[in-house]
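Here is a sequence together with a model predicted from it:
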Amino acid sequence: MKTRWQAWSLGVLLGTAGCVGVAGQLQTSGTALQIDPPSELVPMTTNAVLTQPSGEPGKTVAVLIGVRLLPGWHTYAYVPAEEPYVQTQWLLEPGTGLTAMGDWIAPPPVPDAQNPRMKLYQSGSQPLIFMHSIRIADNASGEIGVRTGLVFQTCNFIRCLPPTRKTFDLKLTVATQSQ
């Protein structure tokens, strides 16, 4: 269940990124973020897209990573140093001509019921969306690669799966500026 703040912040996040959400899928400016449903064998599913497949020099686009978790499963937003769990790490390697701007924008985590110092990401019927802005250099041109992803550990209150690294290779076409 989302709090009002979570629903509002997700709406602001998606609205500023030019996205419209439906269950398991987000529509960005011409690019759909499809996230497969999780299962007992794969309790966390992810996918990534750019908010726009192309952009002009000097403009900004964003990388979106969507996460869906099976009910009862979570991944870690914050883990104190003395705990053995793996905190989720976000990866972003923009290609030549692109610059990462700011930090990842993430939905608010929830405290772990057994250890409130740890913070968890859990999803309900809607996926969790993480966003990072990328600026296109004034002299950029052509097709530029963006590698993004995450390192995560998925757990429920009985067991944890081994840490996983998931990467996505995205392409941004730099369009000629209109005169």
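That came in fine, so what should we check first?

excluding its backbone neighbours, what's nearest residue 128?
residue 67 (4.5 Å; Cβ to Cβ, 6 or more residues apart in numbering). C-beta: built from backbone N, CA, C; applies to glycine.

Residue 86: neighbour count?
18 (other Cβ atoms under 10 Å).

scratch that, residue 120 is what I was asking about
The number of residues packed near residue 120 is 21, by other Cβ under 10 Å.

do residue 94 as well
Quick note: residue 94 (other Cβ under 10 Å) scores 22 neighbours.

likewise residue 48?
24.

quick revisit: so what's the residue nearest to residue 128 up against?
Neighbour list for residue 67: 35, 44, 45, 46, 75, 121, 123, 127, 128, 129, 130 [criterion: Cβ atoms under 8 Å, 6 or more residues apart in numbering].

Could you check which helix or strand contains the fourth one?
Yep, that's residue 46 we're talking about. Per DSSP states H and E, residue 46 falls inside strand 44-50.

after that strand, next one along is what?
Going down the chain from strand 44-50, the next helix or strand is strand 54-55, by DSSP H and E.

Now do that next one: distance to the chain's middle.
Centroid separation for strand 54-55 versus its chain: 19 Å, with Cα atoms, centre = their mean, to the nearest Å.

Could you list every helix and strand that it packs against?
Judged by 3 or more Cβ pairs under 8 Å, 6 or more residues apart in numbering; DSSP states H and E, strand 54-55 is in contact with strand 164-174.

what pLDDT, on average, does stretch 113-126 get?
Stretch 113-126 shows a mean pLDDT of 92.

Please identify the buried residues of that stretch?
For stretch 113-126, a neighbour-count test (16 or more other Cβ atoms under 10 Å) marks 118, 119, 120, 121, 122, 123, 126 as buried.

Could you do stretch 140-151 as well?
Buried, per 16+ other Cβ under 10 Å, within stretch 140-151: 140, 144, 146, 148, 149, 150.

Could you check which helix or strand contains the spatially most central residue of the chain?
The residue lying closest to the centre of the chain (Cα atoms, centre = their mean) is residue 65, at 2.5 Å. Here residue 65 sits within strand 60-69, counting by DSSP H and E.
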